[in-house]
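Colleague: what follows is a protein structure lacking sequence information:
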């Protein structure tokens, strides 16, 4: 796989703008269009979190971490389907607690070698009725619904969207010996979060082209940016902390009490 920090190939012709999403598919109680598909990426082993079981299965604030995200999205009236991408070793026999959710709106997919492979696998299982697709990291269990709503609104308007927070710390570039080489201007720099949302056609095209070109990226917004699609930032939230290191579990427990 080729990462995006390598020299870019010759610039491709930017794709045509994606039309705003129009309501199709099921209609939930209250008249809301149920046309949002969600891919929750939980296909990694989470070895940096310091436990034998995948970190997304570890208990946090009273339930397995992954279950927080699944239930948050299923609580939304506009969500048609939630696809949970699990490690290959668990996809055929998912943990039983996962089925505490609305099983008629739940699908399980198999993770790939890279994150982009896992997302692509999950995307293939999102039903055609879903005109907007959200991609979320299971390691962010406490994303507020207000953040999800901002992403959905932007994606319905025809752009890719991601929640983010501005960088407030001073940034230093450091060489291999630990010596500071320069101070990086933080103006215009943002910390990306998930869920990231896209018109379905945009995300399908970006992943198909990336596979043909053997490209990968650390998030889906980067894929869409690569192929000239518009991506905007919406206001994120500190509660959308990503649990990566062992100490993050304690921080996440503290944030859970603020919800």
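Modeller: Looks like it arrived, so ask away. This one's a predicted model, so the numbers in the text were calculated from it and none came from an experiment.
Colleague: state the helix or strand in which the residue most central in space within the chain lies.
Modeller: The centre of the chain sits closest to residue 136, judged by C-alpha atoms, centre = their mean, with a distance of 2.6 Å. Assessed by DSSP states H and E, residue 136 sits inside strand 132-137.
Colleague: name the strands paired with that strand and say parallel or antiparallel.
Modeller: Looking at strand 132-137 with DSSP bridges, its partner strands are strand 36-41 (parallel), strand 196-199 (antiparallel).
Colleague: any chance of TSV for those, columns distance to residue 150, mean pLDDT and mean neighbour count?
Modeller: Just so you know, the C-beta spots here come from the backbone N, C-alpha and C atoms, and that holds for glycine as well. Listed next are these as TSV, based on distance: least, C-beta to C-beta, whole Å; pLDDT from 0 to 100; neighbours: other C-beta atoms under 10 Å:
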stretch	distance to residue 150	mean pLDDT	mean neighbour count
strand 36-41	13	98	28
strand 196-199	9	98	28
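Colleague: correct me, but the residue nearest to the centre of the chain touches residue 195?
Modeller: Yes - counting by C-beta atoms under 8 Å, residue 136 touches residue 195, with 3.9 Å between them.
Colleague: now do the shared contacts for the two.
Modeller: 38, 143 (C-beta atoms under 8 Å, 6 or more residues apart in numbering).
Colleague: buried ones in the strand holding residue 136?
Modeller: Of all the residues in strand 132-137, those buried under the rule 16 or more other C-beta atoms under 10 Å are 132, 133, 134, 135, 136, 137.
Colleague: wouldn't the third one be in contact with residue 150 here?
Modeller: This points to residue 134. No - counting by C-beta under 8 Å, residue 150 is not a contact partner of residue 134; they are 11.5 Å apart.
Colleague: and residue 64, bridged to which residues?
Modeller: residue 59.
Colleague: let me know the pLDDT of it.
Modeller: Listed pLDDT for residue 64 reads 95.
Colleague: OK, contacts around it?
Modeller: 56, 57, 58, 95, 97.
Colleague: so what's the fourth one up against?
Modeller: Counting by C-beta under 8 Å, 6+ apart, residue 95 touches 57, 64.
Colleague: test my guess that residue 139 contacts residue 242.
Modeller: Yes - Residue 139 is within contact range of residue 242, at 5.0 Å (criterion: C-beta under 8 Å).
Colleague: between those two, tell me which one has more neighbours.
Modeller: The neighbour comparison of residue 139 against residue 242 (other C-beta atoms under 10 Å) goes to residue 139, with 22 against 16.
Colleague: tell me which element the more buried one falls in.
Modeller: Counting by DSSP H and E, no helix or strand carries residue 139.
Colleague: and the gap between it and residue 66?
Modeller: Residue 139 sits 9 Å away from residue 66, going by C-beta to C-beta, to the nearest Å.
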